[in-house]
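J.: heads up, no residue letters with this:
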């Protein structure tokens, strides 16, 4: 079977693969968490948070596709199978069942914060290994930071 050859030398190839694959897992998991919260939210801020969750899910899904395609372009096979995501996902998740709007805001802000922390580590790791991947991760981080800010602003009390 012919495979796409990677333009990256070892160990840059492995560093880049690790960064892209773990980012793919985080993004696919984040999209699932966002939908879980979207379906189960209740409370006075239902509509606004419900719609805001759609933005997070759309961003996570779009970025997941971009990350997977970046890996493929580098000859690094992405793995987005459900069992891979289930076994590797470690970001905070909401409890099962109905979720009060304030619980959703808190857990999504926490999950986004954890994802951002991990992305920042990967940005550092890919600086020399693959600046193009690093640039991609920087862009993803900027959007997730914006999303986290919007959820955190929901929890501000006077």
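T.: Structure's in. What do you need? Please read these numbers as outputs of a predicted model, since none were measured by experiment.
J.: So which residues of the chain form helices?
T.: Remark: helices assigned in the chain by DSSP state H are 12-40, 46-73, 82-88, 101-129, 131-154.
J.: which residues touch the nearest residue to residue 12 once chain neighbours are set aside?
T.: With C-beta to C-beta, 6 or more residues apart in numbering as the criterion, residue 12 has its nearest non-adjacent residue at 3.9 Å, and that residue is residue 129. Every residue, glycine included, has its C-beta placed from N, CA and C. Residue 129 makes contact with 8, 11-12, 15-16, 19 under the criterion C-beta atoms under 8 Å, 6 or more residues apart in numbering.
J.: could you redo the residues you listed as JSON lines and give each row distance to residue 122, neighbour count and pLDDT?
T.: Converted to JSON lines, the contacts of residue 129 look like this (distance: C-beta to C-beta, whole Å; neighbours: other C-beta atoms under 10 Å; pLDDT from 0 to 100):
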{"residue": "8", "distance to residue 122": "15", "neighbour count": "19", "pLDDT": "92"}
{"residue": "11", "distance to residue 122": "15", "neighbour count": "10", "pLDDT": "90"}
{"residue": "12", "distance to residue 122": "13", "neighbour count": "17", "pLDDT": "95"}
{"residue": "15", "distance to residue 122": "9", "neighbour count": "19", "pLDDT": "97"}
{"residue": "16", "distance to residue 122": "9", "neighbour count": "24", "pLDDT": "98"}
{"residue": "19", "distance to residue 122": "4", "neighbour count": "27", "pLDDT": "98"}
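J.: and which of these is nearest residue 80?
T.: In terms of C-beta to C-beta, no member of the contacts of residue 129 lies closer to residue 80 than residue 19, at 15.4 Å.
J.: so how far is residue 143 from that closest one?
T.: Distance of residue 19 to residue 143, computed by C-beta to C-beta, to the nearest Å: 17 Å.
J.: same thing with residue 56?
T.: With the distance defined as C-beta to C-beta, residue 56 ends up 10 Å from residue 143.
J.: The two: who's more crowded?
T.: The neighbour count for residue 56 versus residue 143, taken as other C-beta atoms under 10 Å, is higher for residue 56 (25 against 15).
J.: My read is that the more buried one contacts residue 27, right?
T.: No. In this structure residue 56 lies outside contact range of residue 27 using C-beta atoms under 8 Å: 10.4 Å.
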